[in-house]
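In: Build the 3D model from these lines:
(chains A, B, C and D)
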Protein chains: 2
Amino acid sequence: MVQYSQSHFDTSFAALSDATRRGVLEQLGRADASITDLASQFHMTLTGMKKHVGILEQIGLVTTEKIGRVRTCKLGQRRLEEEAAWIENYRKIWAARFDALDLIVDELKYTEKLNEPKK
Amino acid sequence: MVQYSQSHFDTSFAALSDATRRGVLEQLGRADASITDLASQFHMTLTGMKKHVGILEQIGLVTTEKIGRVRTCKLGQRRLEEEAAWIENYRKIWAARFDALDLIVDELKYTEKLNEPKK
DNA sequence: TAAATACTGCACCAAATGGTTCAGTATTCT
DNA sequence: AGAATACTGAACCATTTGGTGCAGTATTTA
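Out: Numbering: from 1, shown residues only, chains lettered A, B, ... in the order given. A predicted model of the protein is given here:
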């Protein structure tokens, strides 16, 4: 059954709700990057970008490694599988709900036909 | 190409980042409900629940209709298709990235083999 | 008609968010 | 060694978020 206690969905969907962070994920899909790279690409201070990377790192979407003065960021282990599954499940529920509605509409049409006044 | 201007992903992922709102969507998948129903189910004031429903309504995940004193909430037209697509695309990028990594690892193994000191 | 119900709008609040600047530290280049 | 680079942490700030209470309106019930 579904739990309403705070789940990791809270944090992962929140992470995805920021355009900069989605952009960082897309960028890291193309190539690894340093904090400086990302900061300049997204027109932001190092400190600001560090926070975004920190958030993505905390939930496993990004991993980083500091070598010398440079911290290199890569995609992490998290693949958003459960998030994809949640949405897919929602889409199924949604479809079932609207299929049911279609049935009702069909039924109404049928009933109307029965009740149709003779021309 | 990908735009970093504020997209509707911002609002829809933000909407999904709240457990109460995800719960409301799941509930409405089972049956339509009034604000009062939802408020009591999620242990919240009417005013609080009204806000959540308002957010879901604004982005099309829920529609409502007030008949008499009761406002009934149902699932709306939005099916989270683009959100599902974004995640799927991310998953592909992720897979490609890690496949590439595997290639590199393979290559390293091969190189190591070549450079292996004679026993 | 009076009371109960269901919502609505407004004002308020504390905490979280997304950004900044500034003052460091550590590392690398000349 | 000295200068430049890359990051880091702390403090700060405005706005948003997720909730509340209260006072009101509209509708239904007794």
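In: Please count neighbours and contacts with C-alpha atoms only from this point.
Out: Will do.
In: what about the strands in chain A?
Out: A:33-34, A:62-67, A:70-75 (DSSP state E).
In: The first one pairs with which strands, and in what direction?
Out: Strand A:33-34 sits in its sheet next to strand A:70-75 (antiparallel), going by DSSP bridges.
In: do the second one as well
Out: When pairs are called by DSSP bridges, strand A:62-67 turns out to pair with strand A:70-75 (antiparallel).
In: Does DNA strand D have contacts with the partner strand?
Out: Yes. Strand A:70-75 is in contact with DNA strand D by CA under 7 Å from any atom of the strand, via A:70-72.
In: mind listing what's buried in that strand?
Out: By 16 or more other CA atoms under 10 Å in any protein chain shown, the buried positions in strand A:70-75 come out as A:72-75.
In: residues in contact with that strand?
Out: Under the criterion CA atoms under 8 Å, 6 or more residues apart in numbering or on different chains, residues A:25, A:28-29, A:31-35, A:53, A:61-66, B:94 lie in contact with strand A:70-75.
In: Give me the nearest residue to A:D18, chain neighbours excluded.
Out: B:D10 (5.7 Å; CA to CA, 6 or more residues apart in numbering or on different chains).
In: which bits of chain A sit near DNA strand D?
Out: Taking CA under 7 Å from any atom of the strand as the contact definition, chain A meets DNA strand D at A:34-37, A:46-47, A:50, A:66, A:69-72.
In: again, only this time at 10 Å
Out: A:10, A:14, A:17, A:33-40, A:45-51, A:53-54, A:64-73 (CA under 10 Å from any atom of the strand).
In: what does chain A put close to chain B?
Out: A:4-7, A:9-14, A:16-20, A:23, A:25-26, A:29-30, A:75, A:79-80, A:84, A:87-88, A:90-91, A:93-94, A:97 (CA under 8 Å from any CA of the partner chain).
In: Where does chain A get nearest to DNA strand D, residue-wise?
Out: A:T36 (3.3 Å; CA to the nearest atom of the strand).
In: How about the contacts made by that residue?
Out: For A:T36, the contact set (CA under 8 Å, 6+ apart) comprises A:L46.
In: Could you do A:E65 as well?
Out: Contacts for A:E65 (CA under 8 Å, 6+ apart) come out as A:71-73.
In: Could you rerun that using 6 Å?
Out: For A:E65, the contacting residues are A:71-72, by CA atoms under 6 Å, 6 or more residues apart in numbering or on different chains.
In: ok, what's across the strand from it?
Out: Beta-bridge partners, per DSSP bridges, of A:E65: A:T72.
In: hmm, back to that, among the residues of chain A next to chain B, which ones are in helices?
Out: Mapping those onto helices (DSSP state H) picks out A:9-14, A:16, A:19-20, A:23, A:25-26, A:29-30, A:84, A:87-88, A:90-91, A:93-94, A:97.
In: Grab the nearest non-local neighbour of A:T45.
Out: Using CA to CA, 6+ apart and skipping residues adjacent in sequence, the residue nearest A:T45 is A:A39, 5.9 Å away.
In: tally of neighbours for A:A85?
Out: 12 (other CA atoms under 10 Å in any protein chain shown).
In: For it, give me its contacts.
Out: By CA under 6 Å, 6+ apart, no residues touch A:A85.
In: Got the domain ranges for chain A?
Out: Chain A breaks down into these domains under automatic domain parsing: A:8-75, A:80-119.
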